[in-house]
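Asker: model the following, please.
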Amino acid sequence: MALQDRNKRGFRRLLRSFDFAYQGLKHVIKHEQNMQVHAIVALLTVAMAAWLSFSLTSWMILLLVIAGMFSMEIMNTAVERTVDLITNDFHPLAKRAKDIAASAVLVYTLFSIVIGALLFIPPILEKFHIL
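Answerer: Next comes the predicted model:
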């Protein structure tokens, strides 16, 4: 958004902000390999949840986890690009900032796997009459 638009308000500015957000999302999906992996895993996960006839509560939890994962990856990419904008040279603090942002994605991923296991294992066991 242009610097001169910072303190302006209005419907047109609001619509432009949604367009900027869409452009960012499109860029991340098109150019970031990790986001592409997250998108493929999310599609497979949603397909499996549909096959298992998830309850409304399970769907809500699953969609929140997926949205959180996408958001974490997008923020990680934003941090990486900002650091790259500030310096092209290796700097220990730049590396630290990127590593910390990546660790946020890692932590969220690990907890997402635990939540996924809690959501998927019972209906899978039930579907195959193991329980």
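
Asker: all contacts plus neighbour counts: C-alpha atoms, from now on.
Answerer: Noted.

Asker: same question for the longest helix along the chain, mean pLDDT?
Answerer: Identified as the longest helix of the chain according to DSSP state H is helix 92-127. For helix 92-127, mean pLDDT is 97.

Asker: which strands or helices does it pack on?
Answerer: The contact analysis (3 or more Cα pairs under 8 Å, 6 or more residues apart in numbering; DSSP states H and E) places helix 92-127 against helix 56-86.

Asker: doesn't Ala117 make contact with Leu125?
Answerer: No: assessed by Cα atoms under 8 Å, Leu125 is found out of contact with Ala117, at 11.5 Å.

Asker: so how far is stretch 37-55 from its chain's centroid?
Answerer: From the chain centre to the centre of stretch 37-55 is a distance of 15 Å (Cα atoms, centre = their mean, to the nearest Å).

Asker: actually, stretch 68-75.
Answerer: 3 Å.

Asker: mean confidence score for it?
Answerer: Regarding stretch 68-75, the rounded mean pLDDT is 98.

Asker: what does stretch 80-87 give?
Answerer: So the average pLDDT for stretch 80-87 ends up being 94.
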